[in-house]
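Participant: Provided below for reference: sequence and predicted model.
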Amino acid sequence: MSPTISAVAAIGLLLGLRHAFEPDHLAAVSTLATRPAARLWSAARLGLVWGLGHTATVGIVVGVVSATSLGLKLAGGIVSLAGGSMLATLALTMIAALVLGTGLPTSAR
């Protein structure tokens, strides 16, 4: 596996773990797993379905971004707008992430 793919996989794993341990996920999983009728296999089946749902959602988002070249267009726009300045590129990327919602934590409230 190339270093780039390894880095992307590692970042994806870390972000997934961060997402999995958010309070709303922990509350939902603990509620479902500690039901009176909960058994090991039913909890495992529920986890599998939950994981497949998350995977499908991520796959759809990645597919749409890839098919429309939205990621390349956004990155190209940020780089050209920054005019070659690394600090400006970083600041514009931060603003884009906040506008697109990737900088916002989820909340159960």
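Facilitator: Arrived safely.
Participant: Every contact and neighbour count from this point should use C-alpha atoms.
Facilitator: Will do.
Participant: List the buried residues for the host helix or strand of Leu46?
Facilitator: Counting by DSSP states H and E, the element that carries Leu46 is helix 40-68. Along helix 40-68, the positions that meet the burial threshold by neighbour count (16 or more other C-alpha atoms under 10 Å) are Ala43.
Participant: for the record, mean pLDDT for that helix?
Facilitator: For helix 40-68, the per-residue pLDDT values average out at 81.
Participant: What are the boundaries of the strands in this structure?
Facilitator: For the chain, no strands are identified by DSSP state E.
Participant: all helices for it, in order.
Facilitator: Assignment of helices within the chain using DSSP state H yields the ranges 3-20, 23-33, 40-68, 70-82, 86-100.
Participant: re the thing from before, could you give the angle of the helix holding Leu46 to helix 70-82?
Facilitator: Here the directions of helix 40-68 and helix 70-82 differ by 60 degrees (axes from the mean of the first three to the mean of the last three C-alpha atoms, to 10 degrees).
Participant: Give me the helices and strands touching helix 40-68, please.
Facilitator: Helix 40-68 sits against no helix or strand, with contacts defined as 3 or more C-alpha pairs under 8 Å, 6 or more residues apart in numbering; DSSP states H and E.
Participant: Now do it: distance to the chain's middle.
Facilitator: The gap between where helix 40-68 is centred and where its chain is centred comes out at 11 Å by C-alpha atoms, centre = their mean, to the nearest Å.
Participant: Same question for stretch 65-76.
Facilitator: When C-alpha coordinates are averaged (C-alpha atoms, centre = their mean), stretch 65-76 and its chain have centres 17 Å apart.
Participant: Understood, closing this out.
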